[in-house]
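Student: coordinates only, sequence not included:
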């Protein structure tokens, strides 16, 4: 029989403690104390011999069942070990070891361990004192208390370690989920903007070629090439954490697309006081709002206003296009999540010119000017 086959059989016996390896088998070495009276006692009776053998045969199943049971399910087996010690002690003083085994198991029995340990120690001390002598009672009490308290502390440490591992796994899972959501939002913002510009530029270039305006078409095609190369670079950046280059740059990126659909852009923007995260969130919200005007509004005019209040920065994007019922897709929901993550809020309403107005309000944090 190989060592591996022994360990495999052991794991079937005690699956809950398979991470301890062979240690539960090693702990059976303390059972040798049961046999010490047979070695050192000059007067050995047949009742002592049979009491030792029978108690060993009864103890081993109780020991294994106590290991393989979880929580309160182990309590009957621990009680069985305690009872075995009480019954066997009149035949052999070595049965004191059963009290110590019971004290060691009580920490894992799913009940309040200190009161239970106290009860075991009292029973062991009283019976040992009455049946054997007071010196043995003192020794049994000390060992049972030390072993019991040690296992209680070890069990609490194991519980806290398991809880810490579970917390770390949950943090890791949430971080992974947040990163996936971030990449999804960033790619939507990047590709939504880029693909819309590509579609508009391609359509416009085709119309210009049909009219024979090859020079103008060539200009749009060159811009289309630049947009495509920029998009490739931005997608690579999004994988490690996309950051907008600022509100002003976002406006300049989207302006050609607005002009291509016949929409004039008017901007009134103050220097805004936000931290890096707030500035990045506001700039990406501006990009999403302007691209929605390009794709859905059918507007001839779009006004962007960014102002500093006493405690807040407010951005409004209003158009004079078609006022439709807004259904939040991935773009708007991603914008709302990004803004709310930095303490801001998003509101959508009718504009004074009959279209839609999107308003983003964010708390001022520290002085940091958004690039114009």
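Tutor: Perfect, thanks for sending it. Every value quoted in this text rests on a predicted model; they were computed, and no experiment measured them.
Student: for the longest helix anywhere in the chain, which helices and strands make contact with it?
Tutor: Among the segments of the chain that qualify as a helix by DSSP state H, the longest is helix 134-210. Judged by 3 or more C-beta pairs under 8 Å, 6 or more residues apart in numbering; DSSP states H and E, the packing partners of helix 134-210 are helix 96-105, helix 113-131, helix 214-240, helix 247-260, helix 276-292, helix 330-341. In short, each C-beta sits where N, CA and C put it, glycine included.
Student: and residue 91, which of the three is it?
Tutor: At residue 91 the chain is in coil, as set by DSSP: H, G, I helix; E, B strand; the rest coil.
Student: find the nearest non-adjacent residue to it, please.
Tutor: Leaving aside its chain neighbours, residue 91 sits nearest to residue 51 (3.1 Å; criterion: C-beta to C-beta, 6 or more residues apart in numbering).
Student: how many neighbours does residue 213 have?
Tutor: 14 (other C-beta atoms under 10 Å).
Student: phi first, then psi, for it.
Tutor: Here is the backbone geometry of residue 213 (degrees, to the nearest 10): phi -90, psi 70.
Student: okay if I get the helices and strands packed on helix 134-210 as a markdown table plus distance to residue 73, mean neighbour count and mean pLDDT?
Tutor: Listed next are the helices and strands packed on helix 134-210 as a markdown table, based on distance: least, C-beta to C-beta, whole Å; neighbours: other C-beta atoms under 10 Å; pLDDT from 0 to 100:
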| stretch | distance to residue 73 | mean neighbour count | mean pLDDT |
| --- | --- | --- | --- |
| helix 96-105 | 12 | 26 | 86 |
| helix 113-131 | 15 | 18 | 80 |
| helix 214-240 | 50 | 14 | 71 |
| helix 247-260 | 63 | 19 | 80 |
| helix 276-292 | 51 | 23 | 83 |
| helix 330-341 | 46 | 18 | 80 |
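Student: which one of those helices lies nearest to residue 184?
Tutor: Nearest to residue 184 among those is helix 330-341; the distance by C-beta to C-beta comes to 7.4 Å.
Student: off-centre distance for stretch 151-161?
Tutor: 23 Å (C-alpha atoms, centre = their mean, to the nearest Å).
Student: quick check: buried residues in it?
Tutor: Using 16 or more other C-beta atoms under 10 Å as the test for burial, stretch 151-161 gives 151-152.
Student: domain-wise, how is this structure divided?
Tutor: Residue ranges for each domain of the chain read 3-171, 245-372, as given by automatic domain parsing.
Student: buried deepest among those, which one?
Tutor: Among those, the stretch with the highest mean neighbour count (mean count of other C-beta atoms under 10 Å) is domain 245-372, at a mean of 18.
Student: ok, back up a step: which one of the domains of the chain lies closest to residue 181?
Tutor: Ranking the domains of the chain by proximity to residue 181 (C-beta to C-beta) places domain 245-372 first, at 7.4 Å.
Student: adding distance to residue 300, write the helices and strands packed on helix 134-210 out as JSON lines.
Tutor: Formatted as JSON lines, the helices and strands packed on helix 134-210 follow (distance: least, C-beta to C-beta, whole Å):
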{"stretch": "helix 96-105", "distance to residue 300": "82"}
{"stretch": "helix 113-131", "distance to residue 300": "78"}
{"stretch": "helix 214-240", "distance to residue 300": "21"}
{"stretch": "helix 247-260", "distance to residue 300": "10"}
{"stretch": "helix 276-292", "distance to residue 300": "15"}
{"stretch": "helix 330-341", "distance to residue 300": "22"}
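Student: one step back: relative to helix 276-292, how tilted is the longest helix of the chain?
Tutor: Between helix 134-210 and helix 276-292, the angle comes out at 40 degrees (axes from the mean of the first three to the mean of the last three C-alpha atoms, to 10 degrees).
Student: start at 52 instead
Tutor: Done: numbering now begins at 52, and the last item shifts to helix 185-261.
Student: quick one, helix 185-261 and helix 164-182 angle?
Tutor: Using the same axes, to 10 degrees: helix 185-261 against helix 164-182 is 160 degrees.
Student: how far does helix 185-261 sit from the chain's center?
Tutor: What separates the centre of helix 185-261 from the centre of its chain is 3 Å, taken as C-alpha atoms, centre = their mean.
Student: what of stretch 402-409?
Tutor: Computed by C-alpha atoms, centre = their mean, the chain-centroid distance of stretch 402-409 equals 42 Å.
Student: span of it from start to end?
Tutor: 9 Å (C-alpha to C-alpha, to the nearest Å).
Student: give me the mean pLDDT for it.
Tutor: Averaging pLDDT along stretch 402-409 yields 82.
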